[in-house]
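Novice: Fold the stuff below for me.
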Amino acid sequence: MNAIRFQARNPGVWGLLGMMVLFADPQARGDVIAIEPIRDNTLFESDSGHLSNGQGQYLFTGRTAQGANSIRRGVLLFDIAGNVPIPSYIDSVSLNLNLSKTISGPQNVSLHRLTTDWGEGASNATGQEGGGALSLTGDATWLHTFYDTSLWGIPGGDYEGDASATQAVAGLGMYTWSSTPQLVIDVQLWLDNPLSNFGWIILGDESLGSTAKRFDSREHPTPANHPTLNIHFTPIPEPSTQGDLDEDGDVDDVDLNILLSAFDNPANIQNTVDLEVLLGNFGRTDMPVQLLPVPEPATFSMLFMGVFGLLLIARRKKTLGGTRSP
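Specialist: Numbering: from 1, shown residues only. Okay, the predicted model is just below:
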């Protein structure tokens, strides 16, 4: 990589720095993974908590056509901390579910963050699975988090009242719950605090009967139909002392000011590694920096000189606490 001499009146350098900041693609700094649940189940409304479907091929939401105990609520849990490097920033999150049966027209289906842990036992319903199976040890039920030793605080599950995401669901096919600020908050929370990760509960229209929707679970024989959580994240690099110009153990605003002052110093700074690291520590982490010689005079560089110069001046004045004289 070529070294560049920094000079206060060098428009090529200003233009190069402007292009590095303006044209660096934020998405290029991140990674995307698609993961399947490690647990899923359905809570079947029941006064006794004797129904579940831990190993079933399907998840249910909404209400069936039966007169009593008709509510169905799906639950699913993804291992965030086991798949996303810690620490990382969660940039976006989306969930894919495949609707394989419906008895109703368009219905809103919402994801709510669960606040209590729950289980997936060996229960396995037969046929279309809408009636569930007898609960077995460790199953989540309408009453139990883990059958039959622990209970929900409220029958039907403990969850946040506000939805993290809502999607209108109509006919058969794959549906995506697109990223929302709350979905991102949920997944970031679970990454930073894995012990708080209890997944989401899936709620359909429970205001009237015959609104049920059936989605394929992680046990479905067709892998392409499995629930999938898509996570776009940016890993946070380990702290580095490279670029620590004042050798105090931190790469911070003081080092940036030293670099800026070098623009007017006849000695200049020759080591472009310092520039790369400093830029990375000021909001451009993992930016693919490549310094190339810039011809002078260069018309295209002048287009960015003013913009980038103002950004650096604003940063310097904020750091030094200076104000402009009237």
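Novice: Past the lowest-mean-pLDDT helix or strand in the chain, which element shows up next along the chain?
Specialist: Every helix and strand of the chain was ranked by mean pLDDT, DSSP states H and E. The lowest is helix 11-23, at a mean of 44. Counting by DSSP states H and E, the next helix or strand C-terminal to helix 11-23 is strand 31-35.
Novice: okay, that following strand in PDB with CA atoms only?
Specialist: Extracted in PDB, the C-alpha atoms of strand 31-35 (Å, rounded to 0.1, in the frame of the first residue of the first chain):
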ATOM      1  CA  ASP A  31     -22.600 -10.300   7.400                       C
ATOM      2  CA  VAL A  32     -25.900 -12.200   6.900                       C
ATOM      3  CA  ILE A  33     -26.900 -15.500   8.300                       C
ATOM      4  CA  ALA A  34     -30.100 -17.600   8.000                       C
ATOM      5  CA  ILE A  35     -30.900 -19.800  11.000                       C
END
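Novice: Pull up the pairing partners for the helix or strand just after that strand, direction included.
Specialist: Going down the chain from strand 31-35, the next helix or strand is strand 39-44, by DSSP H and E. According to DSSP bridges, strand 39-44 forms sheet pairs with strand 71-77 (antiparallel).
Novice: what's the model's confidence in the partner strand, averaged?
Specialist: Mean per-residue pLDDT for strand 71-77: 98.
Novice: Quick one: list the elements packing against the next helix or strand after that strand.
Specialist: For strand 71-77, the following helix or strand on the C-terminal side (DSSP H and E) is strand 88-102. Contact partners of strand 88-102 among helices and strands, from 3 or more C-beta pairs under 8 Å, 6 or more residues apart in numbering; DSSP states H and E: strand 58-63, strand 165-169, strand 173-177, helix 181-192, strand 213-216, strand 228-235. Every C-beta, even on glycine, is put in place using the N, C-alpha and C of the backbone.
Novice: one more time with 7 Å, if that's ok
Specialist: With contacts taken as 3 or more C-beta pairs under 7 Å, 6 or more residues apart in numbering; DSSP states H and E, strand 88-102 sits against strand 173-177, helix 181-192, strand 213-216, strand 228-235.
Novice: most packed of these?
Specialist: Across these, averaging neighbours per residue (mean count of other C-beta atoms under 10 Å) puts strand 213-216 on top, at a mean of 25.
Novice: Would you reformat the helices and strands packed on strand 88-102 as TSV and include mean pLDDT and distance to I103?
Specialist: Shown next, in TSV, are the helices and strands packed on strand 88-102 (pLDDT from 0 to 100; distance: least, C-beta to C-beta, whole Å):
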stretch	mean pLDDT	distance to I103
strand 173-177	98	16
helix 181-192	98	28
strand 213-216	98	8
strand 228-235	98	25
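Novice: is it possible to export these to TSV including distance to V251?
Specialist: Shown next, in TSV, are the helices and strands packed on strand 88-102 (distance: least, C-beta to C-beta, whole Å):
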stretch	distance to V251
strand 173-177	39
helix 181-192	23
strand 213-216	48
strand 228-235	18
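Novice: quick one: low-confidence parts of this protein?
Specialist: Counting by pLDDT under 70, the chain has low-confidence residues at 1-29, 239-243, 261-326.
Novice: mind running it again at 80?
Specialist: The chain contains residues with pLDDT under 80 at 1-29, 238-326.
Novice: how's it carved up into domains?
Specialist: According to automatic domain parsing, the chain comprises the domains 11-24+242-319, 29-235.
Novice: what's the most buried one of those domains?
Specialist: domain 29-235 (a mean of 19).
Novice: Quick one: residues contacting V75.
Specialist: With C-beta atoms under 7 Å, 6 or more residues apart in numbering as the criterion, the residues that contact V75 are D40, N41, L43, L114, W118, A140, G157, G199, I201.
Novice: Please tell me how far the second one sits from I80.
Specialist: What that stands for is N41. Distance, N41 to I80, using C-beta to C-beta, to the nearest Å: 19 Å.
Novice: Equivalent analysis for the third one, please.
Specialist: Shown here: L43 relative to I80, a distance of 22 Å by C-beta to C-beta.
Novice: just the last one next, same as before
Specialist: Here the criterion is C-beta to C-beta. By it, I201 lies 17 Å from I80.
Novice: same thing with N124?
Specialist: 27 Å.
Novice: try D253
Specialist: 33 Å.
Novice: same deal with T180?
Specialist: Distance of T180 to I80, computed by C-beta to C-beta: 16 Å.
Novice: and what of F233?
Specialist: Using C-beta to C-beta, we find F233 at a distance of 10 Å from I80.
Novice: Next: L195.
Specialist: L195 is 12 Å from I80, where distance means C-beta to C-beta.
Novice: go on, D205?
Specialist: Going from D205 to I80 by C-beta to C-beta gives 29 Å.
Novice: ok, now A168?
Specialist: Separation of A168 from I80 (C-beta to C-beta) stands at 26 Å.
Novice: that older thread, closest to A163 out of the helices and strands packed on strand 88-102?
Specialist: Of all the helices and strands packed on strand 88-102, helix 181-192 sits nearest to A163, with 7.6 Å by C-beta to C-beta.
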